[in-house]
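# 3D, please:
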Amino acid sequence: MQPFAPQPFLRDQGSNAIPPAADHVADDGLQDDCSHDFNHGTTSDQDLDGMIAELVGPGHKIYHNYHRGLNARKCDSQGHFLLDGAPPPSCVQVSPDDWSPYCNWQEFELAKFLFKHTEMLASQINTLLKIWATSLIELGGNPLFANHTDLYHVIDSMSVGAVKWENFKITYKCKHQDGQNADEQDELIELAGLGGPCQVIHNLLRCTNIKDEMDFIPYQEFNAMNKQRHWEDFMLGDWAWEEADKIISVNPSTTGATLAPIILGSDKTTVSIATGQMDYYPLYLSIRNVCNTTHHVHCDAVVLIGFLAMLKTCRENSNTPAFCKFKKQLFHSSLACILCSLHAAMTVPETVLFSDQYYHCIIYSFTAYIADYEEQVLLSSIMHGWCLKCLAHQVDLDQDAPRHCHEHTELIIKELDLQTLWDKYGIDRTIVPFTSEFPCADIQRMLLLDILHQLIKGGFKDHLVDWVEKYLIHVHGRTVTPFTGLQHFPQGQHFKQWTGDDSKGLMKVYIAAIEGYVPEEIILTFSSFLKFCYLVHRNVITEPTLIAIEDAITSFHSHHGIFHNAGVVLTFSLPQQHAMKHYPYLICQFSVPNGLCSSITKSKHIKATNHNVLNKQDCEGDGEEPTTSFEEDPGDMDDSPMNMRDLAIELNIPQFHNILWHFLQSQLQHEDHDPEDVPLDKLYDGSVNVYNSASSMFYAPSDMSGLHGMCHKHICCSPTWRNEGSHYDCVFVITNPHTKGMLGLDVTRYPCVVICWFDHVGDGPNNTGMWVVHMCNAQDIAIIHIDTIYHAAQLIPVYASQHGIDPASIKPNESYDKSQFYYVNKFADHHVFEIVS
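Reported below is the predicted structural model:
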């Protein structure tokens, strides 16, 4: 069978024109045609010999084209490639009784318990060991450790998987004024970092916990039925394939090596529980061989490798150009210093032992840097307010423009003066980026998509939500009725500090809260933006998904003009919103962005800073469809079984016997049997166990999930919840398995398997992008099999239809009883978005 090589199917997303600011360098041969060819990098027919083709998956529905050059061949410790099927090279076998540097397993377990699990204070360790030693005097024995110093010494002497921290020193020239004389002297700055990033990568590659969650060969994935391409993990992107081609073209001897794409990340953070210095600048490292779902659950695949310097000076000098330049250059020099050990293996592969006990020849390549926009400006030496990915001018970022590339930047820096670079390109050439110290590294290409800061915090919270507030004040003044959908935030509507989770929570309910209070164009703007956010967050992106993403971008730009027409927004030339235009191309290059989001590094802050600070203080003085299964929660069962009559009374359903009768007959009899023919005296009248919750497990890797993309949630049906009334969740029930989306689903409330139905309003979603439902007649109650429950659902009242109801008087547990119409919230999470769309 021949490998698939689909032809490009979507073009003309931009213009070939160079912006006016770039007219004088338009002949450099680096002009970007700006066409969004989703199969850019896909191998053509004449290049089929450069790949290895393979059908994979159940039913051979997926097709992989593997790179033939950097194909991760196994080798021995000297780097000599092995024949296929050869056994792993012999290595020293460690005895199962070898607990070095501990004397025995008791010492190891005690050290693990005191240091890792209980995190006991040094003084408390001493007290415990002293009491232990006293109890052993009569027996002539000694405790496992003499004191905390002895314990820490043994722990520090461990060598398995450990990389010791070191202090790096950077020297700079400083002028000291002494009277009338200026004396230039060398000054030192110390940085904390791991002794070798190479060793960190070696530990990741030999980690047995994630060995099945890593890709080592660049490849392309296609649907074998329609030949459409898929993007999921990083090695599926065009960058990995093109980088492999580039490495081999520069050094053909690297053929058979294994590509290890390096991803870096840094983000300033503040520790509220420490004393003294409370701000830190952690630096993280990972490799993009690790699958996205593994990054989501962390599994220690993202490693803290250093703390960057946080310079301070007196207030009068803090904003001077000289000090700002010094801070920027120190940042880049610090990165180059910490990462210098990676330099050699970027051109000549090094031999590394993997978790399968085979050696591989590894070649490193800087791939991505996770950072928010402010830090991306620092990294790229591009001025604030400019785009970091293309040459669009700051005044009009949404114009079509070529993309930045390293060769073009080097050319204009060489040819143009400082002021021209500043005014027409927004480039500060006085800063030397850290990538200049490493071969084939391009900092502008490394700066990738960031869902958290670009979309959730930037485009949504900082822009759209702020614009709506200004619009309401501009049109209605400050006497707008508060929105019920926003009153459940713990700190009200005025947060001291917005977190990513706060913004994500607001995204899920915002459209329903403002619909009916703002013009339709604003609703359509939000609907398009949220659709874009949820599409790019999918764990698997296909060619139709990319088309939908570009349609969402087009729709967003066609509707958001209402804010400008109302005088609320003066310009849409905003870097965070403008970045949306680059998502389709960058997804093709680097695959789905949910595996490269700054939320991954932010989640490490707790462990890397707060957690470590506590320990230090203690020593001195924390595109898929869900596949669902349900089970009752045994810990949430009522105290004793109930008979049918008592249950009917408790549920206030007089016709409960008849409903149960129809349900049982539909389960026990053939489909062609009429349950009305079964006599009533055959009805079950025994006891039943009533559960107040059920747990569901389903596959949804686009959300925060466990390893392999599995999620776990509870569906509640509790008569009392936190002493504030009942808690009855809604669920999706499959009523037509042959119909996709909401047309094959109905929404119900879920007291055990006794449900009351909601009916669709209309044949599709309204302008919010969400379906509207209303509750059926109160007597329209049924009993369904638990296996027909597909997933939990969230309904939001249509607030604009609640005439004569004071929103502030509605309690959360009463919201399903007070409104006539409800939105089926497709933005509740990413797998609900997949179900309802």
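
# Poorly predicted segments of the stretch 601-750 of the chain, please.
By pLDDT under 70, the weakly predicted segments of the stretch 601-750 of the chain are 601-640, 664-686, 697-712, 721-724, 740-750.

# let's see it at 80
The stretch 601-750 of the chain contains residues with pLDDT under 80 at 601-645, 647-750.

# Kindly report the same for the stretch 251-400 of the chain.
Within the stretch 251-400 of the chain, the segments meeting pLDDT under 80 span 269-280, 293, 295-300, 310-315, 317-318.

# rerun that using 70 as the cut-off
271-278, 297-299.

# Spell out the residue ranges of the helices in it.
292-296, 321-338, 373-380 (DSSP state H, counting those that start in this stretch).

# Minimum distance to Ala345: which of those helices has it?
helix 321-338 (15.6 Å; Cβ to Cβ). For the C-beta atoms, the positions are set from N, CA and C on the backbone; glycine is no exception.

# That closest one packs against which elements?
strand 165-178, strand 181-194, helix 373-380 (3 or more Cβ pairs under 8 Å, 6 or more residues apart in numbering; DSSP states H and E).

# Could you tell me the least trusted of those?
Lowest mean pLDDT within the helices and strands packed on helix 321-338: strand 181-194, at a mean of 58.

# What is the subsequent helix or strand relative to it?
helix 197-205 (DSSP states H and E).

# before we move on, back to that, in CSV: the helices of the stretch 251-400 of the chain, plus mean neighbour count.
Formatted as CSV, these follow (neighbours: other Cβ atoms under 10 Å):
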stretch, mean neighbour count
helix 292-296, 23
helix 321-338, 17
helix 373-380, 20
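
# Could I get the buried residue list for stretch 132-144?
For stretch 132-144, the neighbour count (16 or more other Cβ atoms under 10 Å) marks Pro143, Leu144 as buried.

# With just CA atoms, put the helix or strand hosting Thr545 into PDB.
Assigned by DSSP H and E, Thr545 falls within helix 543-559. Taking C-alpha atoms only, helix 543-559 is exported to PDB below (Å, rounded to 0.1, in the frame of the first residue of the first chain):
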ATOM      1  CA  GLU A 543      -8.400  19.300   8.800                       C
ATOM      2  CA  PRO A 544     -12.100  20.000   9.300                       C
ATOM      3  CA  THR A 545     -11.300  21.400  12.700                       C
ATOM      4  CA  LEU A 546      -8.800  23.800  11.200                       C
ATOM      5  CA  ILE A 547     -11.400  25.000   8.800                       C
ATOM      6  CA  ALA A 548     -13.800  25.500  11.700                       C
ATOM      7  CA  ILE A 549     -11.100  27.400  13.600                       C
ATOM      8  CA  GLU A 550     -10.500  29.800  10.700                       C
ATOM      9  CA  ASP A 551     -14.300  30.200  10.300                       C
ATOM     10  CA  ALA A 552     -14.500  31.200  14.000                       C
ATOM     11  CA  ILE A 553     -11.700  33.800  13.500                       C
ATOM     12  CA  THR A 554     -13.500  35.200  10.500                       C
ATOM     13  CA  SER A 555     -16.800  35.400  12.400                       C
ATOM     14  CA  PHE A 556     -15.100  37.000  15.400                       C
ATOM     15  CA  HIS A 557     -13.600  39.800  13.300                       C
ATOM     16  CA  SER A 558     -16.800  40.300  11.400                       C
ATOM     17  CA  HIS A 559     -18.800  40.900  14.600                       C
END
